[in-house]
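Q: Predicted coordinates and the sequence they were generated for:
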Amino acid sequence: MRFNFDLEETKPEPSRSATPKDEVEWVPLQHHPVFSSTSSAGPSHQPTDSPPLRNLLTWDGASRLYFWDSDELCLHRISVRLGEPEPTSVSAASPSKVLKPDVKLNFDVNKISINSNGTAMLLYGSDGLCIMYLYGRTSSRDGTTICRTVTVGPEIYMSGTNVIRILQVSWHPCSDTHVGILSSDSVFRLFHLSSDLIQPEQAYYLQPVQPGRSRNATSICPMDFSFGGDHLWDCFSVFIMFSDGSIYILCPIVPFGSVYKWESIVDIYNDAQTFGLKSPNSTAVSNSNLAISWLEATFPEIAGQTDGADLSVIKARPYALFDASLLLQGPLRKVSRGEDEANLAFRGAECEGRAVSFLYNLVSKDSILVTAWSGGQLQIDALADEIQPVWNVGCPPRLRVDSHDNIHGLAMICESTPDKLSIVKLDQPLDSTLWLGHPPPLLRLAIVDLALPKKTGSDSLIMMFIDPLMLERIYTLHDGGIDSIVLHYLPFTSQTSGKNETMRTPSVHPVLSTCQGEFSSQSPLSGFVSLSDSFGYSWVVAVTSYQECIVLEMKTLNLLLPLHVDTEKKSILLEEPKEKDTSDIIISKELLGGPKVVLVPQTSPNLRSVSADSIEGRSMLHEYFKLFHENYVEYAHKVYFELKHHGPHLKRIIDDQHGRLVGAKQRLLQFEEKYSDLEDRITNAVQMQNHLEERLKRLRNLPGVHKKPLSTAERDFKSQLDQFSGVELDALRSTVNALSARMRRHTQTPKDNLSNKKKLVSRRKDPVQESQISQLKSCLEKLSLVNSENTKKSNMHWLDLKLKILNPGRPCRRRPAAALMMIVGVRLDILSAAASGFAAGHMLKVVTH
């Protein structure tokens, strides 16, 4: 089945929409009818089951939110407005657009994912995978849009036996039509949706080998994968994680027809020519030559045009080396600090349980690798060196070509060679490891413990997401809710920015808690997505198993700023409360201090006797009246104005104080009512504490408390058993059942019963009798030898006697009489010995029975 996305990317016309614009109502997202109408229905799965962690919510990065309804088996498309009507709110259009597949899905959908251009939706679970085209609809009835839905790899993943399970599915970041799938048969497949949905375009059979360890079930079971980011050879890399926490790299992997930035390809090409071809090491030159030849064949434009003035993007062409396959680089090891840690570079997992999920995050110049463990820990590492492509020369791949020798598909076996692994130290120069084929080392940043609640019956599952607005923040979805981890230290980013920052541990912030006790049986969350707009606002949207929506605003400012304490500015910090107190003063201090002091103007002594009716007296009175008006009248006016202005404010303060007083009296009455209950609860708590102390004393006296702790070898063996407990053991159980059935069949045969009876009889014998029997057997053997020799001698003597009788003149060797007597004596001895042996054997039989 062939199709092209270009024919299906045309969006529907406004007139064909089932929801007219005049009927659309904008409501808060958490109150949308999709989430509020079915809130009392409950989860779709049975309470006794232990369902996997699901994520049925996704976002196209612009203005549309998609939610898969497990009960109605349909997809809701909700138009959202970020920051409306308030900057911190999220509005949604009601009613939503309902999209249904045109075929019936034969598997449970656990996760959904949309491609970058918003034309296709990925619906997948552990037993199947489907692609739903959002704009390639076939018909519309009852306001529901029926969309075309196709199955990917039906002969591989949806067979009747269901032996191969889908572990992880992801869209390729550089192509809207390529999907990467990692399955339980340790094969990574890349499907091209616009050319072939049955056969994969590329297939890589993974065969990891652990250095210094035997191949066991935990080391060959893949769990998760992730594509690399836009940084040198990372854009061509695929990171694969196994259940024991080991990480491997496949590079280069390029989908046929994918699009890359011209600047990125030029940087990779220049790096290979600068550091590879000019290296004094022959191995580095050989590896760089292979990489340059692969780049020039995959991107032919790069060989003839290096300036890139007319190109912004470049398209990859189908190509593969005919005599070499990709090498599975790994496992990635930590950078050692010295000789003491050299042996620890290949040591196994440091966290509890097994690895359950993996995340690749590119933050500026740093490639961050996060591994989540079932024990609730996150292992955060950074690549300490760049990734280079490595091929296994002499192991040709298998190609699928057409009549014109055009490559349409390839498959290869990717093996890991232990001789490619080496110990890298911090003081080692980088020039000594460039283009030598060694996998990049890891720089351990932190191990974060999420302190998850205990889950009865199975391990804890963790899903990780990247904040689209702040790449340093990682969200984790687990059984206990949602947590936020912020990375404060990035080694290469801090070095290039010129900041001499000390290494800070990541900060963990709980966003949403769904745990109601110490233990958790199943995850109440079935969807999570992070939203952000161009103004710097960020939100978190979560959907519970009861289809209730939760919208939380996330703060992004000042999360990455370090906390600096300045001891020299304590006086300023202490004076700030005083300045705040001055703003709460009702009447200013100037008015409370009274009017200004009136200064009487100085006059000469001759004017003291001047009358008031004279011109001098009137001028003097006028001067006094002016001074009085400037001080007392204006002061009175200010007092009147402030009293009139602050009157309502004073009344409001008094009413507030009165209300607080009434509330304090009510709380005192409630406290008096609850005081008796508190006393009873305190008494019960004290009694319970005494009871627990007594039980603790009795438990300390038990003999099991004084057991010695496990040794190092016992702890290692216990950790291996814990790792085996989380691995699929269906094959081992079937083998055990087959062996037990064969054993039952063999035990029921008569020959086995007879042999068992003989064994039981032989076990009842006395060891003394067995020794006597062995002695008798040796005596009988000796007697038989003597008897045979005597028989020969007697025959010789009888022959001599016959010759003597026939030839009387011939001399005889021995005297006939003596010979005859000797023969008779020997035969008598033989007969007596045989008789004694027969008697002894008969006695042994009697004693035995």
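A: The structure has been received and is ready for your questions. In this text, all values refer to a predicted model and were calculated from it rather than measured experimentally.
Q: what ranges do the helices span in the stretch 451-600 of the chain?
A: In the stretch 451-600 of the chain, the segments counted as helices under DSSP state H, counting those that start in this stretch are 491-496, 570-583, 589-592.
Q: Residues in contact with the first one: which ones?
A: It refers to helix 491-496. By CB atoms under 8 Å, 6 or more residues apart in numbering, the surrounding residues in contact with helix 491-496 are 363-366, 382, 384, 443, 445, 500-501. Where you see a C-beta, it was placed from the backbone N, CA and C, and this is true even at glycine.
Q: quick one: average confidence on that helix?
A: Helix 491-496 shows a mean pLDDT of 79.
Q: Check which helix or strand K104 maps to.
A: Using DSSP states H and E, K104 sits within no helix or strand.
Q: any idea how far it is from D71?
A: Plainly put, K104 is 15 Å away from D71 if you go by CB to CB, to the nearest Å.
Q: in terms of contact, does F227 touch G180 like I think?
A: Yes - contact status for F227 versus G180: in contact at 6.8 Å, counting by CB atoms under 8 Å.
Q: which of the two has more neighbours?
A: The neighbour count for F227 versus G180, taken as other CB atoms under 10 Å, is higher for G180 (21 against 18).
Q: tell me the SS of the residue nearest the centre of the chain?
A: Geometric centre of the chain, nearest residue: S357, 1.9 Å, by CA atoms, centre = their mean. Using DSSP: H, G, I helix; E, B strand; the rest coil, the secondary structure recorded for S357 is strand.
Q: ok, now I314?
A: strand.
Q: Would you double-check that K651 falls in a helix?
A: Yes - checked against three-state DSSP, K651 lies within a helix.
Q: show me what contacts it?
A: Going by CB under 8 Å, 6+ apart, the list of residues near K651 is empty.
Q: okay, it: pLDDT?
A: pLDDT recorded at K651 is 82.
Q: Against T556, how distant is it?
A: According to CB to CB, K651 and T556 sit 42 Å apart.
Q: same thing with N287?
A: Per CB to CB, N287 is found 42 Å from T556.
Q: which of the two has more neighbours?
A: When neighbours are counted by other CB under 10 Å, N287 and T556 differ, and N287 comes out ahead with 23 against 17.
Q: Now for the residue nearest to that one when sequence neighbours are not counted: which residues touch it?
A: Nearest residue to N287, sequence neighbours excluded (CB to CB, 6 or more residues apart in numbering): W435, at 4.9 Å. Contacts for W435 (CB under 8 Å, 6+ apart) come out as 272, 275-276, 279, 281, 283-285, 287-288, 388.
Q: ok, now H32?
A: Counting by CB under 8 Å, 6+ apart, H32 touches 78, 92, 94, 96, 549.
Q: can you tell me which of those are in strands?
A: With DSSP state E as the criterion, strands contain 78, 92, 94, 549 from among the contacts of H32.
Q: partner residues bridging the third one?
A: Which is S94. S94 has these beta-bridge partners by DSSP bridges: E25.
Q: Could you measure from V34 over to D69?
A: Relative to D69, and taking CB to CB, V34 is found at 8 Å.
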